[in-house]
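Participant: Have a look at this prediction, sequence included:
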Amino acid sequence: LQKWGIWHWLYAFCRGWINRFLPILPLGNLYFRYLFWDKWQGVKTCNLGVWKKDFIAVNGFDESYCGWGYEDSDLVVRLIRKGILRKDGRFAVPVLHLWHPDNNRAREPINHKKLEEVIHSTRIEAVDGVNQYIKFIPRGL
């Protein structure tokens, strides 16, 4: 995929093999990548890159979220609150998504309430996060 040229991508789009063509345009490191540096809305953690030290500083994902929804937003809210700002990767990185059935959303209202509590608090660390596993991680990783 990395060796595909623009015509190969255009052909794939016309054949219906890919569903978006604009995201593969090389737009470089333009100003719009920094427009929403302090906004958590719209971030998808399936495409999020975070330095290990920053991830550990906020205690990673909060495992107290169960089922579908909002654990990714919780992480981004806490990262921004810690002073770790975002750079938008739209039109800069390819995304290949594997299809999967939707998860059950029965707990979405409960998870949304948890997110609202984090937004209106000053909390930076996850309640039930990665720190519980740190003792099992070999040094140097």
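Facilitator: Okay, I see it. Everything numeric in this text was worked out from a predicted model, so none of it was measured.
Participant: To which secondary structure element is the spatially closest residue to Y34 that is not a sequence neighbour assigned?
Facilitator: Leaving aside its chain neighbours, Y34 sits nearest to K87 (6.3 Å; criterion: CB to CB, 6 or more residues apart in numbering). Every C-beta, even on glycine, is put in place using the N, C-alpha and C of the backbone. Using DSSP states H and E, K87 is not contained in any helix or strand.
Participant: wait, what's in contact with K87?
Facilitator: 33-34, 37 (CB atoms under 8 Å, 6 or more residues apart in numbering).
Participant: Report the buried members of the residues you listed.
Facilitator: Taking 16 or more other CB atoms under 10 Å as the criterion, what is buried in these is R33.
Participant: Include secondary structure and pLDDT when you put the contacts of K87 into TSV, please.
Facilitator: Compiled in TSV, these are given as follows (DSSP: H, G, I helix; E, B strand; the rest coil; pLDDT from 0 to 100):
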residue	secondary structure	pLDDT
R33	helix	71
Y34	helix	73
W37	coil	70
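Participant: Can you tell me which of the contacts of K87 is nearest W51?
Facilitator: Closest to W51 out of the contacts of K87 is W37 (15.5 Å), distances taken as CB to CB.
Participant: Apart from its chain neighbours, what residue comes closest to the closest one?
Facilitator: Closest to W37 by CB to CB, 6+ apart is L85, at 4.3 Å.
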